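J.: I'd like to go over a predicted model; first the sequence, then the structure.
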Amino acid sequence: MNKIYILILFTFTLISCKEEEKKRVNIPATKVSIEAPQDFKLSKSIIGLEKGTNAIIQISDLVGGNFDSNSRDFSKKGFEDRGVKVFEYKEFKLDGYQAKYIHMQGQDNQEAMNVVFGDSTFCDMVMAIFPANDKTTADQIKKAIFSIKYNKELKVDYLNLAFFKVNNNKSKFKFAQASGNMFTYSTGGVVKKSYENEPMFLITPLPGDSGLTKKELSESIFNGLIQNSFIVLEEKNIKTERVNGYDAYEIEVYGFLKGKKVLVYLLVLRNENKALALEGVAYSDFDNELIGFKEIAHNVVFK
């Protein structure tokens, strides 16, 4: 605590500290602990906390890079240049680490708070979404974000904690690494800081009870890619048949990403209150890479 209380308040201080300790929770599959706001619980569909279906606080331990490299484009001007309305921006220390915080307008009557923090060896990101103009929830989330503590020495078995598994994966894409809420499968499982210009496959858990349809989830993913310079040329083989008994939406999209021709394969699976985005990206040999993407995607099941 930042203030030293006088003796007459000592007992009250002890009680307050105990209450705060009870609220602090470790976020599974991360090295982060946080003071959970009232009515926020550990989510079963994302890595983080959720308040019903209205608000989420998602945590990601980013693998590869560091604070400087991963936060280089994280700035007030950077967001405003992309047409985003920024309510507040600050750079500060979070649990002793460099950090950048932004509160901005989101999509569809939502607001967002994002924090990126770390040092020369790691970088973490916090992404919170909540209803626009909900000051109570906004205040809760901001207080929670600023309470974060990071245990650098903690060992995390990301794959074991995931709510999915890959059965009978005969493709060349094997598990390489996880960045909190994103699981990367590379050729032969090779671990790299960057897979630029190489085919790779990603599995990302999504909020299954967000109210979005499978198609809308797919569109939101491609909208994110489009905001990062993806130019769509053609959509092919859109299917809505069930895959492994789950509701599914499958699509192949061809286009240009940063000036290079790419294939983006996407399969969205939904099971009760859980959902997954299975995404393959290839820069050449599209027909063969597509076979590999489907070999792994069609063998993913929920635990």
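T.: Yep, it's here. Numbering: from 1, shown residues only.
J.: Can you list the buried residues in stretch 262-281?
T.: For stretch 262-281, a neighbour-count test (16 or more other C-beta atoms under 10 Å) marks 262-271, 274-281 as buried. (Each C-beta comes from the backbone N, C-alpha and C, glycine too.)
J.: same check, this time on stretch 39-51
T.: Buried residues in stretch 39-51, counted by 16+ other C-beta under 10 Å: Phe40, Ser43, Ser45, Ile46, Ile47, Gly48, Leu49, Glu50, Lys51.
J.: Mind listing residues that contact it?
T.: 25, 27-30, 34, 36-37, 52, 55-60, 130, 137, 140, 144, 163, 180-181, 205-209, 273-275 (C-beta atoms under 8 Å, 6 or more residues apart in numbering).
J.: Quick check on the residues you listed: which are buried?
T.: Counted by 16+ other C-beta under 10 Å, the contacts of stretch 39-51 give 27, 29-30, 34, 36-37, 55-60, 130, 137, 140, 144, 163, 180-181, 205-209, 274-275 as buried.
J.: Which ones among those lie within helices?
T.: Thr137, Gln140, Ala144 (DSSP state H).
J.: ok, so of the residues you listed, who is nearest Phe122?
T.: Ala144 (20.7 Å; C-beta to C-beta).
J.: Give the closest residue to the closest one in space, chain neighbours not counted.
T.: Pro37 (5.0 Å; C-beta to C-beta, 6 or more residues apart in numbering).
J.: does that neighbour really touch Ile145, like I thought?
T.: No - Pro37 is beyond contact range of Ile145, at 9.9 Å (criterion: C-beta atoms under 8 Å).
J.: Could I get the full set of strands for the stretch 51-200 of the chain?
T.: 55-62, 86-94, 97-105, 110-118, 123-131, 149-150, 164-166, 173-179, 182-187, 200-207 (DSSP state E, counting those that start in this stretch).
J.: quick one: low-confidence parts of the stretch 151-300 of the chain?
T.: Regions of the stretch 151-300 of the chain meeting the criterion pLDDT under 70 cover residues 180, 207-211.
J.: let's go with 80 and repeat that
T.: Along the stretch 151-300 of the chain, the parts satisfying pLDDT under 80 run over 156-158, 160-161, 179-181, 193-194, 207-213, 223-224, 226-229, 273.
J.: just the helices in it please.
T.: For the stretch 151-300 of the chain, helices defined by DSSP state H, counting those that start in this stretch occupy the ranges 158-161, 214-227, 286-297.
J.: Phi first, then psi, for the closest residue to Lys174 other than its chain neighbours.
T.: In this structure, Lys174 finds its nearest non-sequential neighbour in Gly189, 3.4 Å apart by C-beta to C-beta, 6+ apart. Gly189 adopts backbone torsions of phi 80, psi 20, taken as degrees, to the nearest 10.
J.: I'd assumed Ala176 was in contact with Gly189.
T.: Yes - the criterion here is C-beta under 8 Å, and Gly189 meets it with Ala176 at 5.0 Å.
J.: Pick out whichever of the two has more residues nearby.
T.: Each of Gly189 and Ala176 has its neighbours counted (other C-beta atoms under 10 Å); Ala176 has more, 19 against 13.
J.: which residues does that one contact?
T.: Here Ala176 is in contact with Thr184, Tyr185, Ser186, Gly189, Val190, Val191, Lys192 (C-beta under 8 Å, 6+ apart).
J.: can you list contacts of stretch 253-268?
T.: In contact with stretch 253-268 (C-beta under 8 Å, 6+ apart) are residues 197, 206, 214, 217-218, 221-222, 225, 228-236, 243, 248-252, 275-283, 286, 289-290, 293-294, 297-298.
J.: And the buried ones among those residues, selectable in PyMOL?
T.: Entered in PyMOL, the line below selects the buried ones among those, by 16+ other C-beta under 10 Å:
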select buried, resi 206+214+217+218+221+222+225+230+243+248+249+250+251+252+275+276+277+278+279+280+281+282+286+289+290+293+294+297+298
